[in-house]
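>>> Structural data only, the sequence is not supplied:
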């Protein structure tokens with residue numbers, strides 16, 4: 001009888017111990033937070049919720065407007081009386097950039113603040129020349145000034161249209177909120193010249209007239225430009241500088257085009 005009671009007690013103790021082990025709840029720190037309604041950002045990140053997981057998006061696509069000028073002017077190929085014939089009015093020399101689309105590629109595995117940007121765009125450049133001067137191309141490709149003799153209100157321009165492809169390295173810095181970022185980028189822009197022309201507006205017999213003369217004007221078909229761009233939210237500025245002169249070697253004055261401007265609209 002005693003042996004039977006002792007065996008029964010051992011059996012009951014074993015069942016009780018097993019039931020305690022299977023019903024025990026491990027009230028750890030994360031569980032307490034979840035039960036109490038407290039959300040820890042560290043736990044969310046570990047579970048995969050991370051602002052930095054969004055893809056990197058650069059800044060290229062959009063419409064930009066700039067002012068054009070020339071640097072490092074050298075007219076050593078010309079006589080004294082012809083020097084400076086391509087001096088332009090910067091406030092009336094404009095650049096309209098229509099950057100159609102962009103491709104962005106982040107360079108960080110766990111962040112989205114550094115990346116490469118490329119795309120496709122179009123750049124329409126014009127230079128306002130002296131009102132009584134335009135240019136012409138000789139048979140040997142040399143560029144010479146040509147003086148105009150019309151009535152008042154003359155306007156003379158040299159314009160080119162380029163297809164542009166950039167390669168930019170961009171850095172972004174969150175300001176107050178991760179979505180509001182100051183950015184700065186720099187790199188190269190490959191330019192393919194599509195067309196060039198001179199345009200003269202003048203008056204004849206008190207009527208407004210326009211003369212447009214297309215040609216290559218010894219301007220290279222391809223060129224590279226260095227560029228720097230920066231901005232924060234709706235304020236975006238840029239500058240670019242051509243790495244080669246405007247005209248082919250020994251075909252015209254040595255002039256390095258540059259542009260400074262702002263983005264009017266981002267896509």
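That came through fine. As the structure is a prediction and not an experimental result, all values here were calculated from the model.

>>> The residue nearest to the spatial centre of the chain and residue 119, how far apart?
Nearest residue to the geometric centre of the chain (Cα atoms, centre = their mean): residue 60, 3.2 Å. Plainly put, residue 60 is 5 Å away from residue 119 if you go by Cβ to Cβ, to the nearest Å. C-beta: built from backbone N, CA, C; applies to glycine.

>>> which neighbours do these two share?
99, 102, 166 (Cβ atoms under 8 Å, 6 or more residues apart in numbering).

>>> what's the neighbour count on the first one?
The reference is to residue 99. A count of nearby residues for residue 99, using other Cβ atoms under 10 Å, gives 21.

>>> How about the last one?
The number of residues packed around residue 166, counting by other Cβ under 10 Å, is 24.

>>> related to what we said a few turns ago, now, which of the shared contacts of residue 60 and residue 119 sits nearest residue 83?
Residue 83 lies nearest to residue 166 out of these, by Cβ to Cβ, at 34.8 Å.

>>> Sheet partners, orientation included, of the helix or strand where that closest one lies?
According to DSSP states H and E, residue 166 maps onto strand 155-175. Sheet pairing of strand 155-175 (DSSP bridges) gives strand 114-129 (antiparallel), strand 177-204 (antiparallel).

>>> Out of these, which is closest to residue 108?
Here strand 114-129 is closest among the strands paired with strand 155-175 (Cβ to Cβ), at 5.6 Å.

>>> other SSEs contacting the helix or strand immediately after that closest one in the chain?
Next along the chain after strand 114-129, taking DSSP H and E as the criterion, comes strand 133-137. When contacts are defined as 3 or more Cβ pairs under 8 Å, 6 or more residues apart in numbering; DSSP states H and E, strand 133-137 packs onto strand 143-147, strand 155-175, strand 177-204.

>>> Give me the angle between the shortest one and strand 177-204.
For the pair strand 143-147 and strand 177-204, the angle between their directions (axes from the mean of the first three to the mean of the last three Cα atoms, to 10 degrees) equals 60 degrees.

>>> From the contact counts, what lies against strand 143-147?
strand 133-137.

>>> what is the orientation angle of the strand it packs on with strand 177-204?
Calculated by the same axes, to 10 degrees, strand 133-137 forms an angle of 90 degrees with strand 177-204.

>>> Check which strands are paired with strand 133-137 and give the direction for each one.
Strand pairing for strand 133-137, using DSSP bridges, gives strand 143-147 (antiparallel).

>>> Tell me the buried residues in the partner strand?
Using 16 or more other Cβ atoms under 10 Å as the test for burial, strand 143-147 gives 143, 145.

>>> For it, which outside residues touch it?
82, 85-86, 132-138, 217-218, 247, 251-253.

>>> Quick check: mean pLDDT of the strand holding residue 166?
Here strand 155-175 scores 96 as its mean pLDDT.

>>> buried sites along that strand?
Using 16+ other Cβ under 10 Å as the test for burial, strand 155-175 gives 156, 157, 158, 159, 160, 161, 162, 164, 166, 168, 170, 172.

>>> got the contact list for residue 261?
By Cβ under 8 Å, 6+ apart, residue 261 lies in contact with 64, 65, 66, 67, 95, 97, 237, 238, 239.

>>> Quick one: buried ones out of those residues?
The buried subset of the contacts of residue 261 - by 16+ other Cβ under 10 Å - is 64, 66, 67, 95, 97, 238.

>>> Residue 93 reaches residue 126, doesn't it?
Yes: Residue 93 is within contact range of residue 126, at 6.2 Å (criterion: Cβ atoms under 8 Å).

>>> what sits in contact with each of the two?
With Cβ under 8 Å, 6+ apart as the test, residue 93 and residue 126 both reach residue 68.

>>> higher neighbour count, the two?
Taking other Cβ under 10 Å, residue 93 and residue 126 do not tie; residue 93 has more neighbours (22 against 19).

>>> show me the contacts for that one.
67, 68, 69, 126, 127, 128.

>>> Which residue ranges make up the domains of this protein?
Listed by automatic domain parsing, the domain ranges of the chain are 2-45, 57-266.

>>> Lowest mean pLDDT across those, which one is that?
Per-stretch averages of pLDDT across the domains of the chain put domain 2-45 at the bottom, with a mean of 48.

>>> Right, I'll call it a day here.
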